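J.: Turn this into a structure:
(chains A, B, C and D)
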Number of protein chains: 2
Amino acid sequence: MNERDFLRDYDKNSYSSPLVTVDAALFTYQDECLKVLLIQRANHPERGKWALPGGFIDEQADTDLDVAVQRKLYEKTGVRIPYIEQLASFGSNKRDKRGWSVTIAYTALVAYQDCSALAESVSDTRWVPLQELPQLKLAFDHEQLILCARERLRQKALYSIVPAYTLPEHFTLPALQQVHEALIGKPLQKKSFRRRIEQAELLIDTGKKRAEGGRPATLYRMKPGAAEHFFLRNLEL
Amino acid sequence: MNERDFLRDYDKNSYSSPLVTVDAALFTYQDECLKVLLIQRANHPERGKWALPGGFIDEQADTDLDVAVQRKLYEKTGVRIPYIEQLASFGSNKRDKRGWSVTIAYTALVAYQDCSALAESVSDTRWVPLQELPQLKLAFDHEQLILCARERLRQKALYSIVPAYTLPEHFTLPALQQVHEALIGKPLQKKSFRRRIEQAELLIDTGKKRAEGGRPATLYRMKPGAAEHFFLRNLEL
DNA sequence: CCAATAGTGTCTATCAGACATTATCTA
DNA sequence: TAGATAATGTCTGATAGACACTATTGG
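T.: You can find the predicted model right below:
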């Protein structure tokens, strides 16, 4: 038999296959704390519990995994998310009561004000501060996914400025440092933080603003490709 | 309707779901070059092409993804692989002619002599030097998976001693440095390489051996947890 | 002895930590 | 003016690069 005949006779759906979903841990930074977007499940299973935005692959609409997760995030937030990166996949016969399931998990970042409208207006959608997670009932293994994403972001905060995507397009260095400190969980040296970003020329000076009672801070925006820059030395732990 | 009734009535197989596979890029180091284990496909689709060890999830036998990939590797090599780590997932409606498919890809490492017997005896299984990949017809997107795994290993060579798993349990520092150099693609400073490993106390001195015409080199083995140690500073590019 | 390979001594360069100092805003 | 926040100056310490040197084996 040649391949064409094989494919003609092959019926994918006559074999059992795990359920496949994509899920995204979408983080932002607001009110001096990191928050993740959660959605209260309207349907079984795990109805009423809070879950990450995500869901089944649509074999017609989605051409690949990245498209699928972008679609899910767009459906839930109504905006294009500037930073999405694959995190890891989780699959077992236990994580979903419907049977063997796999989720391809993503980490995503967005500025709060670019994404607040929908979440603030709909009662089943919330920006949840990370400290409040333990009190909330999360669906499936989504708490684990969030912790995994958080840990990866913490690492990135040590050697990149990826966390800048939690801020508006124009942001100050003190603001960026705050996000990094929140992720790393300890204060950083102002001088070290600025020095490495300056030397690597990752940001573009705009005009200054942002006065909060003291000297106004310079507003910057990221250079194209700045998020792909990895420092050779980590900030210390 | 409550969740129990929902689950009783739910038939997972009445919905179409992508094909789900796991695949592993299993690397080793032999004859001064990096090699990856490939298997010639006996069945459609892509019959005759070379592919990574892997295949469909077995919903009965496999309790989770890690178990599935370990099973696949055991079936192909007959040995327990000491280093397996999830790499990334690849999914689209194009990568497999049978339809929408997702593979969860893994990177794995093994010492050549711990894994040579089967590969040398069976004609459809080969350790392929990485330089020879472009000449070989690879199935699906497996060439891309290998390149992706290789790039991740290259990064790890800059800040960890994970590549030590390509060597036998007892190995010399010059041998380890060779592997790192092969991955990074440029020579390293002997002194820098040794110094950081010594200072972090990642290896245990055994007794010396390995004479290759000159002064015999000390044989070491990894301390437990040594592969999880990440240096704060990368080797430079 | 020499050739070959392993391993060390040591100087320099880079860059993060620490922290004091200066700058620029509002009230 | 004081208070607050932003930004800089500058010293120290850790560690990678460079490369010459010593050590240990076999002929």
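J.: Contacts (any at all) between DNA strand D and the lengthiest strand in chain A?
T.: Using DSSP state E, we find that the single longest strand of chain A is strand A:19-30. No. Judged by C-beta under 7 Å from any atom of the strand, strand A:19-30 and DNA strand D are separated, with a smallest distance of 14.6 Å. For glycine as for every other residue, the C-beta is placed from the backbone atoms N, C-alpha and C.
J.: Does anything pack onto that strand? Which helices or strands?
T.: If you count contacts as 3 or more C-beta pairs under 8 Å, 6 or more residues apart in numbering or on different chains; DSSP states H and E, strand A:19-30 packs onto strand A:33-40, strand A:54-56, helix A:65-77, strand A:101-109, helix A:142-159, helix A:173-184.
J.: Show the average pLDDT along the last one.
T.: Within the predicted structure, the mean pLDDT of helix A:173-184 is 98.
J.: try the fourth one
T.: Per-residue pLDDT over strand A:101-109 has a mean of 98.
J.: So what are the structural domains in chain A, by residue number?
T.: Residue ranges for each domain of chain A read A:17-147, A:157-228, as given by automatic domain parsing.
J.: Of these, which is nearest residue B:193?
T.: domain A:157-228 (20.7 Å; C-beta to C-beta).
J.: Can you give me the end-to-end span of that closest one?
T.: Taking C-alpha to C-alpha, to the nearest Å, domain A:157-228 runs 12 Å from one end to the other.
J.: And for stretch A:229-237?
T.: Using C-alpha to C-alpha, the end-to-end distance of stretch A:229-237 comes to 20 Å.
J.: Check which residues of it are buried.
T.: Judged by neighbour count using 16 or more other C-beta atoms under 10 Å in any protein chain shown, the buried positions of stretch A:229-237 are A:229-231, A:234-235.
J.: What lies in contact with it?
T.: A:157-161, A:180, A:184, A:186, A:188, A:192-193, A:196, A:200, A:202, B:232-234, B:236-237 (C-beta atoms under 8 Å, 6 or more residues apart in numbering or on different chains).
J.: repeat that for 7 Å
T.: A:158-160, A:188, A:192, A:196, A:200, A:202, B:232-234, B:236 (C-beta atoms under 7 Å, 6 or more residues apart in numbering or on different chains).
J.: Ok, stretch A:30-48 next?
T.: Contacts for stretch A:30-48 (C-beta under 7 Å, 6+ apart): A:25-28, A:49-53, A:76, A:97-98, A:112, A:119, A:124-130, A:139-140, A:146, A:178, A:182-183, B:3, B:6-7.
J.: 6 Å - rerun?
T.: Here stretch A:30-48 makes contact (C-beta atoms under 6 Å, 6 or more residues apart in numbering or on different chains) with A:25-28, A:49-51, A:53, A:97, A:112, A:124-130, A:139, A:146, A:182, B:3, B:6.
J.: which bits of chain A sit near DNA strand C?
T.: Close to DNA strand C, as judged by C-beta under 7 Å from any atom of the strand, chain A has residues A:188-193, A:195-196, A:199, A:208, A:211, A:213-216, A:231-233, A:235-236.
J.: Mark which of these are buried, thanks.
T.: A:188, A:193, A:196, A:231, A:235.
J.: Buried deepest among the domains of chain A, which one?
T.: domain A:17-147 (a mean of 19; mean count of other C-beta atoms under 10 Å in any protein chain shown).
J.: any idea how far residue A:150 is from DNA strand D?
T.: Separation of residue A:150 from DNA strand D (C-beta to the nearest atom of the strand, to the nearest Å) stands at 25 Å.
J.: Apologies, that question was intended for residue A:173.
T.: Residue A:173 is 4 Å from DNA strand D, where distance means C-beta to the nearest atom of the strand.
J.: Skipping adjacent residues, who's closest to that residue in space?
T.: residue A:194 (5.7 Å; C-beta to C-beta, 6 or more residues apart in numbering or on different chains).
J.: before we move on, what about residue A:217?
T.: Leaving aside its sequence neighbours, residue A:217 sits nearest to residue A:172 (C-beta to C-beta, 6+ apart; 3.8 Å).
J.: is it fair to say residue A:227 lies in a strand?
T.: No. Applying DSSP: H, G, I helix; E, B strand; the rest coil, one finds residue A:227 to be helix, outside a strand.
J.: quick one: which of the helices and strands packed on strand A:19-30 is nearest residue B:221?
T.: Comparing the helices and strands packed on strand A:19-30 by C-beta to C-beta, helix A:142-159 comes nearest, at 27.8 Å.
J.: shaky segments in chain A?
T.: A:5-7, A:117, A:119 (pLDDT under 70).
J.: what's across from the spatially most central residue of chain A in the sheet?
T.: Compute the mean C-alpha point of chain A, and by C-alpha atoms, centre = their mean the closest residue is residue A:108, 2.1 Å away. Beta bridges link residue A:108 to residue A:26, residue A:84, judged by DSSP bridges.
J.: Reformat the helices and strands packed on strand A:19-30 into JSON lines and put distance to residue A:20 next to each item.
T.: Compiled in JSON lines, these are given as follows (distance: least, C-beta to C-beta, whole Å):
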{"stretch": "strand A:33-40", "distance to residue A:20": "19"}
{"stretch": "strand A:54-56", "distance to residue A:20": "7"}
{"stretch": "helix A:65-77", "distance to residue A:20": "9"}
{"stretch": "strand A:101-109", "distance to residue A:20": "5"}
{"stretch": "helix A:142-159", "distance to residue A:20": "15"}
{"stretch": "helix A:173-184", "distance to residue A:20": "30"}
